[in-house]
Structures are given as C-alpha cells and as structure tokens.
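Novice: structure for this input, please:
(chains A and B)
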Amino acid sequence: MKFSYSWLCDHLETDKSASEIGEALTNLGLELESLTDYSEYSKFVVATIKDFRKHPNADRLNICKVDDGTNTYQVICGANNVKKGLKGIFAKDGMYIPGTQINLKKGKIRGEISEGMLLSERELNLSDDHEGIIELLDDFQNGTSAVEALKLNDPIFEIGITPNRGDCLGVRGVARDLSAKGVGKLKPLNFKKITQLEFASPIIWNINNDDNSCEYVVSRYFKNVNNSKSPEWLQKKLISLGLRPINALVDITNYITIDLGRPLHVFDADKIGKKLDMRLANANERMLALDNKEYTLDKNTTVIADGDNALAIAGIIGGEYSGCTDDTKNVFLEVALFNPNSVAQTGRTLGINSDARYRFERGLDKNMVIEGLEYASYLINKICGGLVSKNIEAGKLDNFEYKINYNFDYFNKTIGLELDPQKQIKILKDLKFQISKSNEKECEVLVPSWRNDVKNKIDIVEEIIRIYGYENIKQSVPSASIDEIDKIDNSSTNKKFKSIKKLKKTLISNGISEVITFSFHSIRAQEILKGDKSLKISNAISDDQSYMRNSMIFNHLESVELNFKKGFKNIQLFEIGPIYNSSQSQENILSLLISTEENTNSIYKSEEFNFYSLTELTSILISSLNFDIKQFNISRSTSNTYHPGQSAELFMGKKLIARYGKVHPLIMEEFSKLKNCYAIELFFENLPIDSISRANKINISDSQFQFSEKDFSFLFEKEQNLYEVQRYVKGLDKNLIKNVEFFDLYVAKDLGDDSKSVTFRVTIQSKEKTLEEKDLEQLHKNILEKVSNKFKAKIRS
Amino acid sequence: MDIKKVLNEVTKEIEQSSSQQELQNVKVAYLGKKGIITELLKSLKDLSLEERKSSGSKLNLLRIEVDNLIKNKFNDLKIEEINSKLKNEYLDISFPPPNSIASKAHPISKTFDEVITIFGSMGYSVAEGPDIETDFFNFSALNIPENHPAREMQDTFYIDDKDKEGKPYVLRTHTSPVQIRTLLNQKPPVKIIAPGRTYRCDSDSTHSPMFHQVEGLFINENANMGNLKGTLIEFCKQFFNVQNLKVRFRPSYFPFTEPSAEMDIAYEIVNNKIQLGQGDRWLEILGCGMVNPIVLENCNVDTNIYQGFAFGVGLDRITMLKYGLTDIRSFFSGNLNWIASNGFTIGDF
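Specialist: Numbers count the residues shown, from 1 in each chain, chains lettered A, B, ... in the order given. Presented below is the predicted three-dimensional model:
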C-alpha cells in the first residue's frame, strides 16, 4: 500500500514528520517498507549557467559561470547539454551527493578550479538518467530549493498490510489507526452529499444467484456527463503513486479505491442493457477484461451481465467493452458487497490480481457502501457535471454489529503486564470501539464496522497492546524446570539427534564431508529409481524438482559429478535427512557416497577401495552407535540401485538397518564421467533408540592368562552366510572362545562351482588359568566336528 | 707374566676391531675357554699360595676390565652399524602429499546443534513432524482457512496424492504443523522445539524452494507475552553471541498466533560487513506470538486453563547472518569447496 504524506494529511491533522509517522506505522503493525523522503534535498538549489567556455586542457569539459542567486561560482562540467541560460540544480562545496555517495570537494580539474556541481537525475537518485544535467523548464528564481523546483516535497510511504488489515487498504484507514496511536487527529470526510436526485435510474438490478456471492449492490445513473481529463489535483495524486491518469470517471474510482479502500465500478451506460444481472457465469463463458486479456469463466464465477453478456467479473475486474472512455455521456456507478471467499476463489482460479480483488477478499467495511456511493457521486457530479439518479439497489445491506464480552484481566494474563481497565478502555475508544456495560472486571465491546478481523477477546487484547506498544512488554525468561529437563533426557527425538551428531562426527573424522541436498528428485531419477507415484509434486518449479526423493543416491551422484567437474577426485560425502517412501511415509536416514578413482600417485599409494572397504566403513558407523555389525542378519540386497553381487542388507528381525554396496552400473551410465561409486544407506531410525544413546555396553572379557590361536579352514557351500558361522563358533564355548576372525576366502574352479574355502582364526583364552595342551586339543576337535556337521562343511587341512 | 703387556695388547686389538664379529674373535682369544686370560687364570693353580693371592686378584681385575672394554666396544659398534644403516633409509620428506579437502559438517548442522542446546537449557525438548503434510495440519488446524488471503502469504507446493479429506497433500510451508501434532498427542504443559525442512515454491538468492525452520511452542497455565519476549531475546543473545543486543518487537499477523509479533535485531555496517547488535538498521529475525485460542481449541486444549506462545525462526537465515553468508542456494548445492570453506571441523562441531 502506497500513499503520499500530503494524501495522508487529507485525513489526518498532524505535526509529525514523515519519519516519525513511518516509525509509528511500523509500531502499529503497518510495517514501513520504504519511505521516499527528499526533504534533505532542500540544500540543493536552482542555479543558472550565465556563461561558459571550453576547458583549455580537456575537450569534453566546459568551464561554466553559475549563479545560485547569491553568488557566482566557477563550475567544471562534462555534460553535453551545457548551454547559456540553462537552469539546473546546483550543489556546493562540501555537500553530500546521494547518487554517487561522495562529499563534494572544491578543487582543480585539469588545472581549472571547480567550486560546485550541476547535478543529473542519477546524482540525485531520482532516476537512472545520466545523459546530461537536469534542465528545468519552468522559470524558477535562482536559489529556489530543489525540493520545490523538482516537486519533491511530498514523501511517499510504502507499507506492508497483513491479510487481517483490509481496513488499512485505504489512506483513511491508515490515518484512523495513526490517530489512535496519538500521531494526529482524524479529520471528518469532507464532501457534500448530492441532494437533488431527480429521476429513477433507467437501468435496474437483479441479483440472480443463490451462492451468496453478492449480498448487496447499489447504483446511480449519471446523465449527460462530460468525461475528459481529471483536474490537476486528482492527476497529481495518482501520479505521485506511479499510477497513470486515464479519464475523470476512471480516475475517480481509482482514487476512491485508494482513499477509502472502497472499490467501485463505472459502466458506460450506453454500452450496457437496461437490466443488469448479478449471476453465475455459464461454463466456458468468455469475457475480454480491462487488462486486455480474455478470460474463460466457469460456473463458480459471479459476473455482472446484461442477459447473455458478461460485463464484469464481480469484485475483480471490469469488461473492456462496457468501460468508460472520453466519449462517455451516461454513466452507471456500481457499489457492491461481494463475498470475500468467492472473490478470492475466482481471483485465484483466473489468476487476476487486481486492486479490487485485493480489497474484497480481505473483507470490506459494510458501512462504507453508501459512503462510497455518496463520495463518488459527489466527485463525478463536481468534475463531470450532469444529473444524478435516485438509488437503485438489490439484495439487503445488514448493519454491521459485532459484540465481544471482554474481561480486563485477560490482557494482564496474556501479556504479563498490569494495565488499568480505564487505560484499556481509553485505547479501545481511540480505536473507535464502543464500550458498554462496563464494570471493574469486564465490559462489552462493540467492534467498528471496518474491523471484521476482530472476532474474539484475544483480538481485543491484541488491539490494546498494539496501541500501548510492544516495547512496553516486560521481558522475563522462564527457566527450565526439573520436569522439563527430565522430559529432555527421556525424549526419543532428543536421543535421536544425539545419535545423529555421533554419526556425523564419526563420518567427518573418517574424511567424509557433509552435504545437504534438496528433498526432490528429477523426473529422470524418479524413472530410474522407481519411486512411489504418490510423490509427484503438482506444481513443481522445474523438471529437476518434480518428485520427492525415495533415495538420496541420485542427488549425491549429482553432487559428486559437480565436484568432479571442479577437479576433485576420490569424493566422499554424506547426508543425514529424509527420504520418502510414499506421501504418507518418510524416514530419516544416513546416506553416504564414495566415488573412487584409480590412484596414479606412485609415492602415496593407497589400497583400492572395494566392497570390503565399504563393509569395514559400515561396521565403523554401526559401532559408533554402540552396535556390532555382526549381530545383524546379512543378506544380498535386491535393490535395483546396487550391483546385485556387491551389495548387502543388514536386518534386525524384519527391520532394515543398513544397505550398502557398489552403485548399479546402469545408474552409473547416467554419470559417465564417474568411475566406481559405493554407497551406504543407514536406516538408523530402525535401531532401538535407547540402546543407541545409553552406551549399549558390549562386554569384552579381559584376562591375565596366556591366549592361544588356532586357524581353521573349511570348504563351505558358496552362499553360506559366514556371519552365522562366526556366531556359531563363538557360541560353542562362550567362556573360552574370545574371538573368531575371518581372514581368508578362496573361490576357484578347482573347488567346484558350489564351494568356497574359508579360513578363520580362533583365539582361545581362559579367565581362570593358562590352558593346557589337552584342553586346547579337545576344543579344537570340538570346533572341527561341530562346524563340519552344522554347515555340511568339509575340513581342509 | 706381564699383565700390563696383556692389557695393552688386548686394548689395542679391541680398538682395532671394526665389526662385531672381529670383536667376538678378540673376546674368544682372550676370554674364551682357551683364551689367553683364561689360560693365565688356570695357571694360577701351579703357584704358591702367596703368589696366587697377589697375581690372582690382579688377573681378575684384568679380566673384568677386558670384559668391560669389550662390552663398551660392542655397544659402540652396534650404534655405528645402525647409524650406517639409517643413512640408507632416508626418504624425501618434502614429497608433497596428494591434495585432499578437509571434511566438515554443514553450517546448518552446527546451527541445529546450537538451537537444540540453547533451547534445551531453557527446558525445550525436540519434536518432529513429516515434510509431506495434510492440509489440516499445515493450514486448517492453524486457523488458515481455505481461500483466506493468508494462504497466499506462503507459496505452497502441492502433491498429486490426496489425503483422507480428499485434499492434496502439501509440502509443509512452515514447521508450525508440529505444534498441532504435538498438542494432539500430549497434554499440556508442552515445551518443545521442532527443527526441520520446510518448502515454498520460490527460488532466488534469498529464497530456496527448500529451507529450514525451527518451531517453538510453550503451553502451560501462565506462559505470557513477556516470557515470549524474554525467551527469544535470550536465544538471540546466545546464538549470535552478542550480550548487548538491541531488539525490536513489532505487531504483525499470523493466523495461528494472536497477538502476533515479528522480532528485528539492530545492525550496522562496519567495514562493509554486517555487525549485529547495535545501530539504527533492523533485520527481521523471526515471527512469533501468543498461540491463538482457536488453535488450542482445534487441539482440544482447554483455553480456560491453558495459554502459551509459539515462534518460528528461519535457520538458514540466522546461519547466513551469523557467518556472513550471502547466497542460500549454495547451502544445498553439494559443492565441497563451499563446505570446506564454511563448514565445521569435528572439533568445532
């Protein structure tokens, strides 16, 4: 919402400066977004070039004699429009030039003294024009201030209006709020009602829809008007806000929309029929609107029509064909009350953002209908002459009456501040709320007609504190109670965030960087990774962000590729965040991607990263959450994201804990520059959270006595799960078998296609004694027999 | 028998030994089973008691001295040998290591952590809600009815799929739906924060289609607006690490709070950089207010007993302000150069 200082003063008697008013507006909740105030430009004055000559040392420069009314100065000027007698704007030595942000300094330019500067529009921040110096066309006296000469004496306010404050979408409403804040006194509306309503309107109304989209409409017919340019005062007002004056009739409606916040519409009465309907549009009915666009309407759109022709879209925009032009002789003025919901819905469906829609959908002051009609009639009659008809109306205009029972204590309890009932009442009265039935404790508040947003007693509290001032609220910090600390300690979400932090620390210390990528998937990623269809975004910004992701791997491959293009090799990154299984299911996981390149450095050799390195990293991550990778059930992954032979899934019961492996070559096809990529997805939310955070203790026995090691080799079936073997061997003697470490795997043709040779080392140690040879032999024998029986494994010597 | 002569000879031979083997040979020649000194000691038995006494002690001293000399020489030779071996093991210590980029945590992680810690010290536990929300939780329950202009304050992403009410799912436009989820699940008092991802269809250098917010909610019998003001000022002081912090609360509007406020903090430009805390310019930091009783009633909370406040802070925004970052899009670009420059090492995190 934009308005000028002088416009505000039409409604508000005040001695406050523009910046004081700006501050008050912000404190009222009408946030000042910008204040264009040129009052400081009064230091710049009108001056005339009395004479000029070429600069002896510079082709493009001129030496001008400039008269500012009191003195004559020598000014070196590079503008190409320098001429004798030119009147421009002059800045003297020491003055700050806003456009260049420098202080002007008297000095020599190419050997000639310069005592000031003739300014361009850009140097005054008035426009981007730097073609030449300002050339005043009117004959101002030298020494006249630039503010006066350039007509900059009217500061422009631009304020943000929150959706609840439709009443401040008119200058008068803003003035009313300011007066309640004590910034000035609200002036009465200054116009004369037209008393000579001579004839009945030849055009009549019929409200012909049953969806309540129009409550009431009232009109007047103006005969024999003379429509042409608006008077200067009106044009100036519109121009000051950057609006283009059109003709008097249109300008008047625009003016009243801004002045009172009351949209109204004028039809050229000779272009419309004699019977106007307020009706719902037919399906696919079309109308060319004033914005020169043709709109296709639907059955939910309310239109003003004469028979089959839609003349205007109710509360939103008028039609091109029925509009007023310079030739208009007879006018039909329409002032209506439209339902905010229907206007909002229609406006959104059609995508029209008009001043009228903006105001109607926020709800209008019911009592302003007749006032708007009278004010518009007065202006039309005064400016365009002619005769005015009696009112023609349809529907019913109810009186706005809304009462709230309010107890003064409620303010104190909500705000934490004691404010005397009398002071509360004073503020409400200043806001034009009426108070009745008041006693020490409570009262009845009658809400003014323009405040349809005030509905409950909490809204009354808000009004009072808004005027009393948020700066007067006394601050205090409620400290944490023992109960609250207890809740934090027991909160599973707090525990989860703790374990996320642990994971992050482990990852960073392993040389892996954290990234955050969008929760989206491109169409391509969605196709390849086959996410759930319910994840499609209806109004996506781009094809790259069309779905919610069901995995982070694609995003991370994109990140890796981006960094690869920046010259990085061996990129390792992770993200902890959400993935989406369907519109109703999401989970937070850790996803990690490692991209490996061949190492060409002959000095710093590192071993090639492979599936087993990845397994080790998975194990480290799981250990950092106090679990042991070997306690889970392992199986091959069936996910199409991974290489089927080099990927694994870990389960705890039926819950997936981790999935890791080499990224499927078909996916890598999309990222042709990258070589091998490995990924880990850790579904940490599936781990029992209490175990994670409360140091899930793993008991490792410690003994003083000598240990012994023995290697065992077996020929297993090829798909034999070795985690099972490991668990089984350990379980054979929990007291003596301390460790089972697998260290060799041999798969070759000579073993046959179905077998693998596996070697593991068993560490045996007692807590009580050094074991004797015969005890050890017995145990070795036991292991050999039991393992070969249990797993149908052949013993290899 | 001239002990001195023997000592001179053996000393000479020890000194001349250049390897451990040579020295061993000397040792055998003098102290071995048939060594010179051993033989001399053996020959003592042929002497008289008197002579045996005097010669014996001298010979023993000789034996000890030779033994020491040999041991010392052995030690010297060993050091010499290792030293000469080391000479062949010199590496080029200046061969530069391959370039590697520091692995770091994302600045948002650091902010999440600080927010949870600071509010944790004030008694707030952490709560969560889904990113894909129903119309009810994101709008209606928060007193934002359909067709209300307030809906257009936020550009909403919609999902094709529809919820039980037949309305399309939305990507939550704020973390406020967690207020509703928490209040429907938990009887007051409630004191929670809910950090998380939020979405609006908007994209430029200050807007990202995805960003982060933290929601705060405190409901009990008497949490008032003064408490709200104090809590948020305390948070900003701690988060921005500015004790002398000039702030401004000004009226605003959110359908789910009444009265509503926005909090600004003062700043000034010093050496082309934003310095927070003092000055006469204002930066909008967060929105807040007393929870609208309509919202509490939507959650079946008895408004005759309970009241409280809520707030929402843009985490990317306060992170940018704290660390002087300018383009929100770089947060989510996955650019490791950016992470290495702006992230946090394990010690700082």
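
Novice: may I ask which helix or strand encompasses the residue nearest the centre of chain A?
Specialist: By C-alpha atoms, centre = their mean, the mean C-alpha position of chain A lies nearest to A:Ile541, the distance being 14.0 Å. Counting by DSSP states H and E, no helix or strand carries A:Ile541.

Novice: give the burial count for residue 337, as a bare number.
Specialist: Picked chain A for this. 22 (other C-beta atoms under 10 Å in any protein chain shown). Yep, even glycine has a C-beta here, placed from its N, CA and C like the rest.

Novice: not quite, go with chain B.
Specialist: Burial measure for B:Asn337: 14 neighbouring residues, criterion other C-beta under 10 Å.

Novice: please see if stretch A:489-507 touches chain B.
Specialist: Yes. For stretch A:489-507 and chain B, the contact criterion (C-beta under 8 Å from any C-beta of the partner chain) is met by A:Ser491, A:Thr493, A:Asn494, A:Phe497, A:Lys501, A:Lys504, A:Lys505, A:Leu507.

Novice: OK, contacts around the second one?
Specialist: Neighbouring residues of A:Thr493 by C-beta atoms under 8 Å, 6 or more residues apart in numbering or on different chains: B:Ser125, B:Val126, B:Ala127, B:Glu128.

Novice: ok, now which ones touch the third one?
Specialist: In other words, B:Ala127. By C-beta under 8 Å, 6+ apart, B:Ala127 lies in contact with A:Thr493, B:Val178, B:Arg181, B:Thr182, B:Ile192, B:Ile193, B:Ala194.

Novice: of these, closest to A:Val758?
Specialist: Of all the contacts of B:Ala127, A:Thr493 has the smallest distance to A:Val758: 43.1 Å, by C-beta to C-beta.

Novice: excluding covalently adjacent residues, which one is nearest to that closest one?
Specialist: Taking C-beta to C-beta, 6 or more residues apart in numbering or on different chains as the measure, A:Thr493 lies nearest to B:Val126, with 4.4 Å between them; neighbours along the chain are not counted.

Novice: wait, the one you found touches A:Lys498, no?
Specialist: No. Counting by C-beta atoms under 8 Å, B:Val126 does not reach A:Lys498; the two are 9.8 Å apart.

Novice: higher neighbour count, the two?
Specialist: For the pair B:Val126 and A:Lys498, the greater number of neighbours falls to B:Val126 (25 against 16), based on other C-beta under 10 Å.

Novice: look up phi and psi at the more buried one.
Specialist: In this entry, B:Val126 is assigned phi and psi values of phi -90, psi 140 (degrees, to the nearest 10).

Novice: bridged to it, which residues?
Specialist: B:Val126 forms beta bridges with B:Ile193, as assigned by DSSP bridges.

Novice: report the contact partners of it.
Specialist: By C-beta under 8 Å, 6+ apart, the residues touching B:Val126 are A:Ile488, A:Ser491, A:Thr493, A:Asn494, A:Phe497, B:Ile116, B:Ile192, B:Ile193, B:Ala194, B:Pro195.

Novice: below-threshold pLDDT in chain A: ranges please.
Specialist: Counting by pLDDT under 70, the low-confidence segments of chain A come to A:691-700, A:797.

Novice: quick check: domain ranges of it?
Specialist: With domains defined by automatic domain parsing, chain A comprises A:2-37+A:155-186, A:39-149, A:197-395, A:403-472, A:490-693, A:708-796.

Novice: quick one: terminal-to-terminal distance for the third one?
Specialist: Spelled out, it's domain A:197-395. 21 Å (C-alpha to C-alpha, to the nearest Å).

Novice: cool, and the fourth one?
Specialist: End-to-end distance of domain A:403-472: 28 Å, with C-alpha to C-alpha as the criterion.

Novice: is chain B within reach of that domain?
Specialist: Yes. Judged by C-beta under 8 Å from any C-beta, domain A:403-472 comes into contact with chain B at A:413-417, A:456, A:458-459, A:461-462, A:465-466, A:470-471.

Novice: please name the nearest non-neighbouring residue to A:Glu215.
Specialist: Counting by C-beta to C-beta, 6+ apart, A:Glu215 lies nearest to A:Leu337, which is 4.4 Å off, once chain neighbours are set aside.

Novice: parallel or antiparallel, list what pairs with the host helix or strand of that neighbour.
Specialist: Per DSSP H and E, A:Leu337 falls inside strand A:331-338. Sheet neighbours of strand A:331-338, with direction, are listed as strand A:214-223 (antiparallel), strand A:265-268 (antiparallel) (DSSP bridges).

Novice: and those strands: which comes nearest A:Ser145?
Specialist: Within those, the stretch nearest A:Ser145 is strand A:265-268; the backing value is 40.1 Å (C-beta to C-beta).

Novice: and the next element down the chain from the closest one?
Specialist: Under the assignment DSSP H and E, the closest C-terminal helix or strand after strand A:265-268 is strand A:275-280.

Novice: B:Lys53: how many residues sit nearby?
Specialist: Counted with other C-beta under 10 Å, B:Lys53 comes out at 12.

Novice: which parts of the host helix or strand of it are buried?
Specialist: Counting by DSSP H and E, the secondary-structure element that holds B:Lys53 is helix B:49-87. Of the residues in helix B:49-87, those with enough neighbours to count as buried (16 or more other C-beta atoms under 10 Å in any protein chain shown) are B:Ser55, B:Leu59, B:Leu62, B:Arg63, B:Val66, B:Leu69, B:Ile70, B:Lys73, B:Phe74, B:Leu77.

Novice: measure the residue nearest to A:Glu215 to A:Arg359 for me?
Specialist: Distance from A:Leu337 to A:Arg359, counting by C-beta to C-beta, to the nearest Å: 12 Å.

Novice: briefly note if stretch A:356-367 comes near chain B.
Specialist: Yes. Contact check for stretch A:356-367 against chain B, using C-beta under 8 Å from any C-beta: residues in range are A:Glu361, A:Arg362.
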